[in-house]
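[1] have a look at this fold, sequence not included:
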């Protein structure tokens with residue numbers, strides 16, 4: 001017997017035609033009904049009592065009443081299920097609210113405003129016991145440290161060191177020449193180390209690998225507080241890789257050698273010049289002002305005997321100084 005993949009509310013053409021014929025004639029043969037098995041499935045045809053090879057139709061009003069009653073029963077059952085679900089999850093929702101009130105900070109949280117950011121860092125430092133990893137990239141922060149932020153940072157860092165913690169900080173090499181920036185480590189008593197790179201990523205603080213703070217905008221007024229373990233492990237791993245590439249600045253400074261009369265700072269500038277960067281971009285990447293960057297570019301050109309910007313790039317490549325960089 002043929003079966004149709006549809007509901008009773010969407011009778012197939014063959015089924016509708018056969019049902020209409022059964023209503024008109026009063027019956028159809030079982031053989032004819034075999035081509036529209038949906039009619040018996042839906043209870044629209046049933047075998048005659050005196051002849052099993054003949055099928056008689058159920059009156060449309062009776063069939064409709066039965067089908068609507070079945071549909072109403074299903075709807076009622078679904079409504080009872082909805083009521084049970086609502087009651088169950090209403091209770092769970094109340095439990096969730098109580099849990100939220102007791103839960104520590106979420107895995108990711110956006111902090112707004114320098115005061116709120118500093119408060120969050122201070123709170124995290126107050127609980128720290130092991131190690132703080134820092135990346136401090138910009139010379140523009142020197143003035144901030146010299147005024148309101150510096151004493152707060154010194155006090156909370158010293159308290160952390162007094163508890164036996166360790167602080168490691170990465171700076172751009174250019175900050176060796178900026179007073180009161182990287183030498184904060186020199187004023188602290190305890191296990192502090194500082195290293196320099198030509199370029200460092202944006203500011204980062206990782207505390208005990210339980211919480212990290214990183215910028216969320218270019219103005220420094222938004223910060224992302226991270227407590228997700230996988231992200232914290234990733235950030236700490238990146239820091240350690242950069243740390244191994246960096247040159248010690250404190251407690252014992254290590255002087256990087258010149259190459260063919262080219263200073264380490266000029267090597268870093270040369271690498272960015274051959275990449276085609278502008279003076280402004282080079283200054284920003286290396287944490288110096290644009291006037292200083294241009295002075296070094298001029299000295300580099302003089303050392304290599306360059307008379308133009310295009311020729312300077314060629315001479316840098318031919319000199320081999322980038323092969324020995326770092």
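    That came through, no problem. This one's a predicted model, so the numbers in the text were calculated from it and none came from an experiment.

[2] please parse this structure into its domains.
    Following automatic domain parsing, one gets these domains for the chain: 8-58, 108-250, 264-319.

[3] relative to its centre, which residue of the chain is most distant?
    Distance from the C-alpha centroid of the chain peaks at residue 50, with 75.0 Å (CA atoms, centre = their mean).

[4] roughly how far apart are it and residue 27?
    11 Å (CB to CB, to the nearest Å). C-beta coordinates here come from the backbone N, C-alpha and C atoms, glycine included.

[5] cool, and residue 203?
    88 Å.

[6] TSV for the domains of the chain, including mean pLDDT and distance to residue 82?
    Formatted as TSV, those follow (pLDDT from 0 to 100; distance: least, CB to CB, whole Å):
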stretch	mean pLDDT	distance to residue 82
domain 8-58	81	23
domain 108-250	82	34
domain 264-319	84	59
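
[7] tabulate the ones you listed (JSON lines), appending distance to residue 88.
    Below are the domains of the chain laid out as JSON lines (distance: least, CB to CB, whole Å):
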{"stretch": "domain 8-58", "distance to residue 88": "32"}
{"stretch": "domain 108-250", "distance to residue 88": "30"}
{"stretch": "domain 264-319", "distance to residue 88": "57"}
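
[8] which of these sits closest to residue 72?
    domain 8-58 (14.5 Å; CB to CB).

[9] now the end-to-end length of that closest one.
    End-to-end distance for domain 8-58, by CA to CA, to the nearest Å: 14 Å.

[10] pull the longest helix from this structure.
    helix 60-102 (DSSP state H).

[11] and the next element down the chain from that helix?
    As assigned by DSSP states H and E, the chain's next helix or strand after helix 60-102 is strand 108-112.

[12] what element comes up after that next one heading to the C-terminus?
    Next along the chain from strand 108-112, counting by DSSP H and E, comes helix 114-127.

[13] need the per-residue pLDDT for residue 257.
    You'll see residue 257 listed with a pLDDT of 67.

[14] quick check: closest non-adjacent residue to residue 136.
    Computed as CB to CB, 6 or more residues apart in numbering, the closest residue to residue 136 that is not its neighbour in sequence is residue 171, at 5.5 Å.

[15] just checking, the one you found touches residue 194?
    Yes: taking contacts as CB atoms under 8 Å, residue 171 lies within contact range of residue 194: 6.2 Å.

[16] count the residues that sit near residue 299.
    Look at residue 299: counted by other CB atoms under 10 Å, it has 16 neighbours.

[17] I'd guessed it sits against residue 266; true?
    Yes: using CB under 8 Å, residue 299 is in contact with residue 266, at 6.6 Å.

[18] check contacts around the residue farthest from the centre of the chain.
    Shown in contact with residue 50 (CB atoms under 8 Å, 6 or more residues apart in numbering): no residues.

[19] name the residues that touch stretch 214-225?
    So stretch 214-225 is in contact with 105, 108-114, 117, 120, 202-205, 211-213, 226, 235, going by CB under 8 Å, 6+ apart.

[20] try it again at 6 Å.
    Outside stretch 214-225, the residues within contact range by CB atoms under 6 Å, 6 or more residues apart in numbering are 109, 111-112, 117, 120, 202-204, 213.

[21] can you get me the start-to-end distance on it?
    Stretch 214-225 has an end-to-end distance of 7 Å (CA to CA).

[22] just the buried residues of that stretch, please?
    214-216, 220, 222-225 (16 or more other CB atoms under 10 Å).

[23] right, and residue 293 touches residue 283 too?
    Yes: Residue 293 lies in contact with residue 283 (CB atoms under 6 Å); the separation is 4.0 Å.

[24] can you tell me the SS state at the closest residue to residue 231 other than its chain neighbours?
    Leaving aside its sequence neighbours, residue 231 sits nearest to residue 212 (CB to CB, 6+ apart; 7.4 Å). Under the three-state scheme (DSSP: H, G, I helix; E, B strand; the rest coil), residue 212 adopts strand.

[25] any idea how far residue 212 is from residue 29?
    Distance from residue 212 to residue 29, by CB to CB: 80 Å.

[26] can I assume residue 192 is in contact with residue 167?
    Yes: between residue 192 and residue 167 there is a contact under CB under 6 Å: 4.7 Å.

[27] then residue 129 would be within a strand, right?
    No: the assignment for residue 129 (three-state DSSP) gives coil, which keeps it out of a strand.

[28] so who does it touch?
    Neighbouring residues of residue 129 by CB under 6 Å, 6+ apart: residue 163.

[29] recalculate using a threshold of 10 Å.
    160, 163-165, 207-208, 210 (CB atoms under 10 Å, 6 or more residues apart in numbering).

[30] make sure the residue nearest to residue 136 is indeed in a strand.
    Yes: when three-state DSSP is applied, residue 171 is found to be in a strand.

[31] do you have the strands of the chain handy? List them.
    28-29, 45-48, 51-57, 108-112, 131-135, 166-172, 191-197, 204-207, 211-215, 222-226, 247-250 (DSSP state E).

[32] put together TSV for those strands, with distance to residue 81 on each row.
    Below are the strands of the chain laid out as TSV (distance: least, CB to CB, whole Å):
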stretch	distance to residue 81
strand 28-29	40
strand 45-48	32
strand 51-57	35
strand 108-112	36
strand 131-135	53
strand 166-172	58
strand 191-197	62
strand 204-207	49
strand 211-215	44
strand 222-226	41
strand 247-250	68
